[in-house]
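> Starting from these lines, generate the structure:
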Amino acid sequence: MSRQKGDFGEARAADFLRDRGYRILDRNFHSRFGEIDIVAQKDETLHFIEVKSGEGDPVYRITPAKLSKIIKTARVYMQKKRIDADFCLDAVIVTEEIELIENITL
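Below you'll find the predicted structure:
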């Protein structure tokens with residue numbers, strides 16, 4: 001998928017989250033371990049969100065290796081920002097519809 005299509009999917013996901021009461025804190029946060037597409041907060045919980053878009057069922061592109069990178073990058077984010085809060089890993093799947101999957105695990 002092209003970067004332009006990925007950016008469009010992430011923008012749609014961010015709008016979707018805002019409409020549901022999430023406050024977007026960061027987008028495309030990088031560490032040496034990987035990238036987190038969206039960091040958001042709702043109530044007192046931080047949400048590290050992987051956005052997947054495209055044909056078929058993009059959720060299956062969240063592999064155990066990708067999940068491990070997201071977890072490591074989330075830890076870097078919290079350490080760098082000096083945040084001590086509850087957090088979870090979520091996914092937003094952007095196809096013709098948009099779906100939020102909370103607390104993703106493999």
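
> Out of the helices and strands in this structure, which is least certain?
helix 3-19 (a mean of 86; mean pLDDT, DSSP states H and E).

> could you point out which element follows that one?
strand 23-30 (DSSP states H and E).

> Against which helices or strands is that following strand packed?
Under the contact definition 3 or more CB pairs under 8 Å, 6 or more residues apart in numbering; DSSP states H and E, strand 23-30 sits against helix 3-19, strand 35-42, helix 64-80. Where C-beta positions appear, they are placed from N, C-alpha and C, glycine not excepted.

> Which among the ones you listed is found nearest to Phe87?
Ranking these by distance to Phe87, with CB to CB as the measure, places helix 64-80 first at 6.4 Å.

> Next secondary structure element downstream of that closest one?
strand 87-94.

> list the buried ones in that following strand?
Using 16 or more other CB atoms under 10 Å as the test for burial, strand 87-94 gives 87, 89-94.

> packing partners for it?
Looks like strand 87-94 contacts helix 3-19, strand 45-53, helix 64-80, strand 98-101 (3+ CB pairs under 8 Å, 6+ apart).

> tell me how far it is from the chain's mean position?
5 Å (CA atoms, centre = their mean, to the nearest Å).

> Give the rounded mean pLDDT of it.
On average, the pLDDT along strand 87-94 is 96.

> what are the pairing partners of it, and which direction each?
Partner strands for strand 87-94, per DSSP bridges, with pairing direction: strand 45-53 (parallel), strand 98-101 (antiparallel).

> what's next to it, contact-wise?
9, 12-13, 16-17, 38, 45-53, 57-59, 62, 67, 70-71, 74, 78, 98-105 (CB atoms under 8 Å, 6 or more residues apart in numbering).

> Great, nothing more from me.
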